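Participant: what shape does this take:
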Amino acid sequence: MAFDIAIGRKSHDLVFDASGDLILIDNAERVAQQIKITLLAWLGEWFLDLGFGTPYLRYILVKGANRAVIESVLRAQITAVPDVSKVTSMTLQVDDELRRLAVVFEAETAFGVVNNSVILNG
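Facilitator: Have a look, this model is predicted:
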């Protein structure tokens, strides 16, 4: 069984319990967190694995980006997370004024369905 260290949903900081110990998560909660981390990481950002992350500069943050290509890239990133079998739905909500993209998705995992949204700031 795989575990992950819990991070705060908004702060992205480590989460500790009342006694000061790290909180470990597993199952669907772990998969949802790993999807979020994958979508928030830029390709090449992590020095230990330059192939990890989302290729924003190649496909998404380009002039005249194609919405279908953006959705395809994000679906592929989510599906690449361990224990995710497929993305059953995805909605992209673009806020040009705030330069923000909200990715709302539902994914089938080995632990059930995960519903989540990730806000990507430009």
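
Participant: state the distance from residue 11 to residue 29.
Facilitator: Note on residue 11: its distance to residue 29, by CB to CB, to the nearest Å, is 17 Å. To be clear about C-beta, it is placed using only N, CA and C from the backbone, and glycine gets the same treatment.

Participant: who's more crowded, the two?
Facilitator: residue 29 (13 against 8; other CB atoms under 10 Å).

Participant: hang on, the more buried one in a helix?
Facilitator: Yes: using DSSP: H, G, I helix; E, B strand; the rest coil, the assignment for residue 29 is a helix.

Participant: look up the closest residue to residue 121, ignoring the ones flanking it.
Facilitator: Spatial nearest neighbour of residue 121, excluding adjacent residues (CB to CB, 6 or more residues apart in numbering): residue 100 at 5.4 Å.

Participant: where does this protein have low pLDDT?
Facilitator: Low-confidence segments of the chain (pLDDT under 70): 1, 122.

Participant: which residues are in contact with the residue nearest to residue 121?
Facilitator: 94, 119-122 (CB atoms under 8 Å, 6 or more residues apart in numbering).
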